[in-house]
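Participant: Take a look and give me a structure for this.
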Amino acid sequence: MIDVARVTVQAGNGGSGRVSFRRMKFMPKGGPDGGDGGDGGSVYLVGDKDMNTLQQFMGKQHYEATPGEMGGANNCHGKNGTDIEIKVPMGTVVSVVQQKEDGGEERRAICEILHHQQRVRIAQGGRGGLGNDHFKSSVNQAPDYAQPGIGGEAFSLLLELKLLANVGFVGFPNAGKSSLLASLTKARPEIANYPFTTLSPNLGVMLDETETRSLVLADIPGLIEGAGQGKGLGHEFLRHVERCSVIFMVLSLDDAVLFDDDMKTAEKVKTLIKKEIILKKELGEYHEDLLKKPCIVCVNKIDIYNAELQKAIAKKFPKALLCSAATHEGLDVVKRTLFAMV
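Facilitator: Numbering: from 1, shown residues only. Here you go, the predicted model:
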């Protein structure tokens, strides 16, 4: 999924005012009659609920509104330029990018598109210049000048999509987040028994038992230690957690730990505890507000844990939900809990 794009926008320039003098029969020396120039078109961003990616900006990266036309004789006003509207997904954060003298760049967030049909003017069209008719006076009855049009605004923009979801699944690679999403919704993300199967966020809609309520679930690609500081693609993935109302932390034991006969049950449980601590640390390092969001801890894949290990996990994680995406064990409780939290 393309969730970052760079574009340039150019509003239309204002049309110049006209220098003109009335020349009619019996009025060989008529007064000034130059019209005003038209205003340039502006550039708008518009939210679209049917879009969920910034893919469209990979093919086109420059958008330009039309300029205003020059004023005409007989005080005719020049035609205004045409505005353009650029559709973007809801959850798009728009920043102006400026190059710095040291070769770096400075980013300044200017707006967020959060609603369908939300319309935000990004670049203002230039104002048309005044014709020479405006400059006549008792001491200058034949002005031979008019105003030029004002240039339209131009910006280099960074568009960042932050998914608008009710619940965000976070966890380490191969924790079974995609499998849970597929079991709870009709989404069909790529699933395989190896790390980093999910390389971009996936969305799914979960319905309650009566099918009258729904929640949007987001499967965030697996994080690694150091993600909060940008290691790997940490910042690219954690960006999407910011919009989620509830964080659903998915934990599971790696096969190397689970099937290690020399490792005691208590040590295996400590491995899960360590994973929870690291995930919370990464969330906090990316943005401390993420730790203030409601968080549900879920231990997945319990169908392959023996009774002793399940009992030990339940003791150390008394508030955690134990479930299995493969056998659907415990998923009813997961659904009820999520609907109660949101």
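
Participant: Residue 45 is in contact with residue 115, correct?
Facilitator: No. With contacts defined as CB atoms under 8 Å, residue 115 does not count as touching residue 45, sitting 11.9 Å away. Glycine gets a C-beta too; all of them are placed from N, C-alpha and C.

Participant: more neighbours, the two?
Facilitator: residue 45 (24 against 11; other CB atoms under 10 Å).

Participant: And the one helix or strand that one maps to, how far out from the chain middle?
Facilitator: Using DSSP states H and E, residue 45 maps to strand 43-48. In terms of CA atoms, centre = their mean, to the nearest Å, the centre of strand 43-48 is found 13 Å from the chain centre.

Participant: Would you tell me what the next helix or strand after that strand is?
Facilitator: Using DSSP H and E, the next helix or strand after strand 43-48 towards the C-terminus is strand 62-64.

Participant: Could you list every helix and strand in contact with that following strand?
Facilitator: strand 4-10, strand 84-89 (3 or more CB pairs under 8 Å, 6 or more residues apart in numbering; DSSP states H and E).

Participant: For those, give me CSV that also has mean neighbour count.
Facilitator: Formatted as CSV, those follow (neighbours: other CB atoms under 10 Å):
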stretch, mean neighbour count
strand 4-10, 18
strand 84-89, 18
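
Participant: As CSV, those strands with distance to residue 35 and mean pLDDT would be great.
Facilitator: Supplementary listing: those in CSV, determined by distance: least, CB to CB, whole Å; pLDDT from 0 to 100:
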stretch, distance to residue 35, mean pLDDT
strand 4-10, 25, 94
strand 84-89, 25, 95
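
Participant: In contact with the nearest residue to residue 12 once chain neighbours are set aside, which residues are there?
Facilitator: Counting by CB to CB, 6 or more residues apart in numbering, residue 12 lies nearest to residue 40, which is 2.9 Å off, once chain neighbours are set aside. Contact analysis of residue 40 by CB atoms under 8 Å, 6 or more residues apart in numbering lists 11-15, 65-68, 80-81, 125-128, 149, 152.

Participant: my read is residue 40 is in a helix, agree?
Facilitator: No. Read with DSSP: H, G, I helix; E, B strand; the rest coil, residue 40 is coil and lies in no helix.

Participant: how far away is it from residue 10?
Facilitator: Distance of residue 40 to residue 10, computed by CB to CB, to the nearest Å: 9 Å.
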